[in-house]
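In: For reference, the sequence and a predicted model appear below.
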Amino acid sequence: MPHHQDPGASSLVYDLLVSLGQDHQATLDLPDLGAQLGYFPGTMVYIAGKVLEHGVPRWGDGERIMIVHFVKDKV
């Protein structure tokens, strides 16, 4: 997943990112913070996706499943 921001998300509420699957070596990049986080199966991260650029540039091998929950500003 390339680096991006979520323009439809709310800037007042955190987004929940959940990494699932098996045997992958994913990394969650947050370039605005200069951070690269291990994003292994079972990892849950809250970020302000509208504000922070983020992406998962490498998964490695294994099963890849990601669940994202966010709130939109307008419905």
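Out: That came through, no problem.
In: Residue 59 against residue 24, yeah?
Out: Yes - counting by Cβ atoms under 8 Å, residue 59 does reach residue 24; the two are 4.9 Å apart. The C-beta positions use only the backbone N, C-alpha and C, and glycine is treated the same way.
In: Can you show me the strands along this structure?
Out: 15-22, 27-30, 35-38, 44-47, 63-69 (DSSP state E).
In: With mean pLDDT added, can I get those in a markdown table?
Out: Shown next, in a markdown table, are these (pLDDT from 0 to 100):
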| stretch | mean pLDDT |
| --- | --- |
| strand 15-22 | 95 |
| strand 27-30 | 96 |
| strand 35-38 | 96 |
| strand 44-47 | 97 |
| strand 63-69 | 93 |
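In: Just say which of these is most tucked in.
Out: Highest mean neighbour count of the strands of the chain: strand 27-30, a mean of 18 (counted as mean count of other Cβ atoms under 10 Å).
In: From the chain's centre, how far out is it? Work that out for me.
Out: On the basis of Cα atoms, centre = their mean, to the nearest Å, strand 27-30 sits 7 Å off its chain's mean C-alpha point.
In: for stretch 41-55, same thing?
Out: For stretch 41-55, the distance to the chain centre is 4 Å (Cα atoms, centre = their mean).
In: Same question for stretch 26-39.
Out: Worked out by Cα atoms, centre = their mean, stretch 26-39 lies 9 Å from the chain centre.
In: Which residues does it contact?
Out: 3, 17, 19, 40, 43, 45, 47, 51-60, 64 (Cβ atoms under 8 Å, 6 or more residues apart in numbering).
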